[in-house]
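1. just need the structure, nothing else, for what follows:
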Amino acid sequence: MTLTQHDIDQEIAAEHAAYEKRLADGGPVEHQPRRDYAPYRSSVLRHPKQPPVTIDVGKDPELVELFSPAFGERDITEIDNDLTRQHAGEPIGERITVSGRLLDRDGRPVRGQLVEVWQANSAGRYAHQREQHDAPLDPNFTGVGRTLTDDDGRYHFTTVQPGPYPWRQHRNAWRPAHIHFSLFGTAFTQRLVTQMYFPSDPLFPYDPIIQSVTDDAARQRLVATYDHGLSVPEFSMGYHWDIVLDGPQATWIEEGR
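-> Model (predicted):
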């Protein structure tokens with residue numbers, strides 16, 4: 001039987017009701033989603049069920065680097081954080097500026113950290129060879145960027161508003177517009193990945209990924225706010241989004257904790 005949006009809506013409502021009951025019974029606030037959140041089918045199938053594998057760094061401290069992602073093949077340039085200037089022509093879509101601060105649990109800035117982003121284009125399509133959505137590609141938009149946080153922990157990107165896209169988990173499944181963020185600490189193993197969303201998206205109630213963050217306050221921390229002060233006259237709209245790495249105000253992280 002084909003899984004429908006109605007099926008997913010019922011499961012989401014049941015998960016929220018169960019969370020509210022846990023709170024009423026004295027349970028803790030759940031800032032991070034459960035890894036076996038049933039409405040998000042692929043999470044149930046792929047989440048770890050065994051303890052992490054221990055790497056003996058005592059024998060070789062650099063061994064851990066063999067199992068970790070790479071930063072890239074070159075230094076960051078002045079246009080790496082401007083996704084609208086990386087090709088010969090102008091990308092299609094509404095230009096936006098996204099800026100915010102990377103903070104620790106006490107609100108202190110986290111300086112000099114690598115922040116990477118990737119996103120779909122304005123039609124909702126990724127520039128990826130395994131992309132299955134038949135929306136048009138934009139030859140002037142690759143959808144990836146990176147930067148380092150400054151002394152105030154601030155990052156800054158110029159890009160285009162991403163479009164929503166279908167993702168085939170169930171019939172008529174659509175993802176709200178979002179930008180993926182990857183954050184590196186002082187080592188490869190400190191990588192964290194999250195997503196930023198846009199205000200008042202009508203797809204929020206139907207998306208099991210954002211709804212997997214069952215706590216309302218924690219889910220709202222994934223949504224940027226419009227900031228007119230970040231808008232560039234005659235050029236781009238502005239959005240502000242802070243990322244908190246730990247503590248009770250922590251931003252949701254895809255890998256869980």
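
2. max-length helix in the protein?
-> Using DSSP state H, we find that the single longest helix of the chain is helix 5-24.

3. which residues does that one contact?
-> Outside helix 5-24, the residues that touch it by CB atoms under 8 Å, 6 or more residues apart in numbering are 29-30, 37-39, 169-173, 205-206, 208, 211-212, 214-215. Every residue, glycine included, has its C-beta placed from N, CA and C.

4. show me where the stretch 151-257 of the chain has its strands.
-> Under the criterion DSSP state E, counting those that start in this stretch, the stretch 151-257 of the chain contains strands at 154-160, 165-166, 174-175, 178-183, 192-197, 225-226, 237-240, 243-244.

5. export those to TSV and tack on mean neighbour count?
-> What follows is the strands of the stretch 151-257 of the chain, written out as TSV (neighbours: other CB atoms under 10 Å):
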stretch	mean neighbour count
strand 154-160	21
strand 165-166	18
strand 174-175	19
strand 178-183	22
strand 192-197	19
strand 225-226	14
strand 237-240	18
strand 243-244	22
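
6. nearest to residue 48, out of the ones you listed?
-> Nearest to residue 48 among the strands of the stretch 151-257 of the chain is strand 192-197 (15.2 Å), distances taken as CB to CB.

7. what's the angle between that closest one and strand 178-183?
-> 150 degrees (axes from the mean of the first three to the mean of the last three CA atoms, to 10 degrees).

8. got any ranges where the stretch 1-150 of the chain has weak pLDDT?
-> By pLDDT under 70, the low-scoring segments of the stretch 1-150 of the chain are 57, 60-73.

9. same thing but at 80, please
-> 1, 44-49, 52-74 (pLDDT under 80).

10. which residues in it form helices?
-> Assigned by DSSP state H, counting those that start in this stretch, the stretch 1-150 of the chain shows helices spanning 5-24, 41-46.

11. quick one: contacts for residue 145?
-> Residue 145 is in contact with 80-83, 86, 116-118, 157, 159, counting by CB under 8 Å, 6+ apart.

12. if you could redo that for residue 124, that was the one I meant.
-> Applying CB under 8 Å, 6+ apart to residue 124 gives the contacts 133, 135, 162-165, 177.

13. partners of residue 239 in the sheet?
-> Residue 239 has the following beta-bridge partners by DSSP bridges: residue 98, residue 226.

14. then stretch 92-105 to PDB, C-alphas only?
-> The C-alpha trace of stretch 92-105 is given here as PDB (Å, rounded to 0.1, in the frame of the first residue of the first chain):
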ATOM      1  CA  ILE A  92      18.200  32.700 -11.300                       C
ATOM      2  CA  GLY A  93      16.100  33.400  -8.200                       C
ATOM      3  CA  GLU A  94      15.600  35.800  -5.300                       C
ATOM      4  CA  ARG A  95      19.000  36.800  -3.800                       C
ATOM      5  CA  ILE A  96      19.300  36.600  -0.100                       C
ATOM      6  CA  THR A  97      21.900  37.400   2.600                       C
ATOM      7  CA  VAL A  98      22.200  34.900   5.500                       C
ATOM      8  CA  SER A  99      24.200  35.800   8.500                       C
ATOM      9  CA  GLY A 100      24.400  34.900  12.200                       C
ATOM     10  CA  ARG A 101      26.800  33.900  15.000                       C
ATOM     11  CA  LEU A 102      28.200  30.500  16.100                       C
ATOM     12  CA  LEU A 103      27.900  30.400  19.800                       C
ATOM     13  CA  ASP A 104      28.700  28.000  22.700                       C
ATOM     14  CA  ARG A 105      26.200  27.100  25.400                       C
END
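
15. in the longest helix of the chain, what counts as buried?
-> Residues of helix 5-24 classed as buried: 8, 11-12, 15, 19 (neighbour count, 16 or more other CB atoms under 10 Å).

16. thanks again, I'm all set now.
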